[in-house]
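Asker: Mind looking at a prediction? Sequence and model below.
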Amino acid sequence: MKATCLKKYIKEAVNLCERITGRNLSLPILSNILIIGEGRIIKFIATNLEIGLEVDVPAKVDINGRVAIPSGIIGTFLSNFSGEDNIEIEAKNENLSVSTISSSTLIKGQPSDDFPSLPKSDKNIKTFSLPLNSFILGLRSVWYSCSTSNIIKPEFSSILLTSDKNKSTIFTATDSFRLAEKKLSYFFDGFGSILIPFKTVAEILRIFDGKEGNIKIIPNKNQIFLEWENIKFVSRLTEGTFPDYQEVIPKTFCADVIFDKNQFINSLKTASIFSGKLNEIELTTDQKNNLIIIKASSPEAGEHLNKINAKVTGEDLKASFNYKYIMECLPHITSNEIVLRFSEGDKKLLITGTDDNSFRYLVMPMSGM
């Protein structure tokens, strides 16, 4: 392989690929980026066998070929490399020569034939497309509610993506202590449902966030393929059955509280200073005086109480929650005012916006944990 390319394109491609590479003692080739010069593009490919990524960049390719280079070395080299915009790269045996007018570098590689091929999507499988920013919004709105451990219930460390009869595409995540659901006004006939692993979502957000245009989604058996302009992404899907979460969401409520979202955020931040080791805070509704009362205390820090004016309907009640669980959902509510709805009996807390029904969030009380 021998090709000339702009430095910024190579640098961006390597940066995207570098975190995908695996550290596998039995398969050291996975710590490499496969570089393929072909036609008018250079392909940069990385995989850890769970996730795969291909980034294509425009180039003047004089000789087709391929080479596998350690991601850490080429990544560090490019991050510190300054000078000319044009770079010539050339495969020499199993190594990579990087040259400009004023410098030359040789990076040791490994046999490229050992590099595993990325899975290919079935051309007969239906492709679904939606705006990339909407896809990112759906994932970002719920992914923090996933469990970070996939040992016992891998479906809890995944996002459920489905398209339903009500003409919506729905993103849902739960770790059994809280649940987040985001609906988008897109309907994909025949999409079904898939479980995207938490670690995959983290990489999707890193790679695609901030980009524009549409993204293609291709679910294929136990894999998902994503395609956007010069980037192709593939990941394994989680095998399992997501719980029927609709059965968990309360249908009746004993108290509703409507008040300013920013006031609530500021109050939670202050209360968090005085919360205990379990991050607990106490919420009390006062229907007579139209107040929501937030209280926190710990033997080490002391105690704090704050009263916020609110529109309170229903009975007065008191319940404790993990403030972190509540805080994490609030940035994803677009309304200026929020609604706290407490269920009868177990006091589960359902949080929504007053003028946006596309997002809802359920939190279990501390007694239910």
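Answerer: Structure received.

Asker: low pLDDT regions in the stretch 51-200 of the chain?
Answerer: Counting by pLDDT under 70, the low-confidence segments of the stretch 51-200 of the chain come to 165-166.

Asker: the strands in it, which residues?
Answerer: Counting by DSSP state E, counting those that start in this stretch, one finds strands in the stretch 51-200 of the chain at the ranges 51-58, 60-63, 65-70, 86-92, 95-99, 104-107, 128-131, 158-163, 169-174, 178-184, 193-197.

Asker: Partner strands of the last one, with direction?
Answerer: Pairing partners of strand 193-197, with direction, according to DSSP bridges: strand 158-163 (antiparallel).

Asker: Which parts of this protein are helices?
Answerer: In the chain, helices defined by DSSP state H lie at 7-18, 71-79, 132-142, 198-208, 261-272, 323-329, listed in chain order.

Asker: can you list the domains in this protein?
Answerer: If the domains of the chain are taken from automatic domain parsing, they occupy 2-114, 128-245, 249-368, with pieces of a single domain joined by a plus sign.

Asker: how about the strands of the stretch 51-200 of the chain, which one is nearest residue 7?
Answerer: Taking Cβ to Cβ as the criterion, residue 7 comes closest to strand 86-92 out of the strands of the stretch 51-200 of the chain, the separation being 5.0 Å. Yep, even glycine has a C-beta here, placed from its N, CA and C like the rest.

Asker: That closest one pairs with which strands, parallel or anti?
Answerer: Based on DSSP bridges, the pairing partners of strand 86-92 within the sheet are strand 2-6 (antiparallel), strand 95-99 (antiparallel).

Asker: buried stuff in stretch 274-281?
Answerer: When neighbours are counted by 16 or more other Cβ atoms under 10 Å, the buried residues of stretch 274-281 are found to be 274, 275, 279, 280, 281.

Asker: Kindly report the same for stretch 44-58.
Answerer: Of the residues in stretch 44-58, those scored as buried under the neighbour-count criterion (16+ other Cβ under 10 Å) are 44, 45, 46, 47, 48, 51, 52, 53, 54, 55, 56, 57.

Asker: export those residues to TSV and tack on distance to residue 316?
Answerer: Conversion of the buried residues of stretch 44-58 to TSV gives the following (distance: Cβ to Cβ, whole Å):
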residue	distance to residue 316
44	61
45	61
46	57
47	57
48	53
51	50
52	55
53	54
54	59
55	58
56	62
57	63
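
Asker: Which two of those have the greatest separation?
Answerer: 48 and 57 (21.5 Å).

Asker: Can I get stretch 295-313 as PDB, trimmed to CA atoms?
Answerer: In PDB, the C-alpha atoms belonging to stretch 295-313 read as follows (Å, rounded to 0.1, in the frame of the first residue of the first chain):
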ATOM      1  CA  LYS A 295     -34.900  17.200  53.600                       C
ATOM      2  CA  ALA A 296     -31.500  15.600  54.000                       C
ATOM      3  CA  SER A 297     -29.500  14.700  57.000                       C
ATOM      4  CA  SER A 298     -26.400  12.700  58.000                       C
ATOM      5  CA  PRO A 299     -24.400  12.300  61.300                       C
ATOM      6  CA  GLU A 300     -21.300  13.600  59.600                       C
ATOM      7  CA  ALA A 301     -22.600  16.700  57.700                       C
ATOM      8  CA  GLY A 302     -25.700  17.800  59.600                       C
ATOM      9  CA  GLU A 303     -29.100  18.400  58.200                       C
ATOM     10  CA  HIS A 304     -30.900  20.600  55.600                       C
ATOM     11  CA  LEU A 305     -34.500  21.400  54.800                       C
ATOM     12  CA  ASN A 306     -35.900  23.400  51.900                       C
ATOM     13  CA  LYS A 307     -39.500  24.300  51.000                       C
ATOM     14  CA  ILE A 308     -40.500  25.000  47.400                       C
ATOM     15  CA  ASN A 309     -43.800  26.500  46.300                       C
ATOM     16  CA  ALA A 310     -45.700  24.100  44.200                       C
ATOM     17  CA  LYS A 311     -49.200  23.100  43.000                       C
ATOM     18  CA  VAL A 312     -50.000  20.000  45.200                       C
ATOM     19  CA  THR A 313     -53.000  17.800  44.600                       C
END
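
Asker: pLDDT weak spots in the stretch 251-369 of the chain?
Answerer: Along the stretch 251-369 of the chain, the parts satisfying pLDDT under 70 run over 367-369.

Asker: now the strands for it?
Answerer: If you assign secondary structure with DSSP E, counting those that start in this stretch, the strands in the stretch 251-369 of the chain sit at 253-260, 280-286, 291-298, 302-309, 311-314, 318-322, 337-343, 349-353, 359-363.

Asker: List the contacts of stretch 142-161.
Answerer: Contacts made with stretch 142-161 from outside it, assessed by Cβ atoms under 8 Å, 6 or more residues apart in numbering, are listed as 138-139, 169-176, 178-182, 193-198, 201-202, 205, 238-243, 328-329, 332, 361.

Asker: Which members of those are classed as buried?
Answerer: Neighbour-count burial within the contacts of stretch 142-161 applies to 138-139, 169-175, 178-182, 194-198, 201, 238, 242-243, 328-329, 332, 361; the criterion is 16+ other Cβ under 10 Å.
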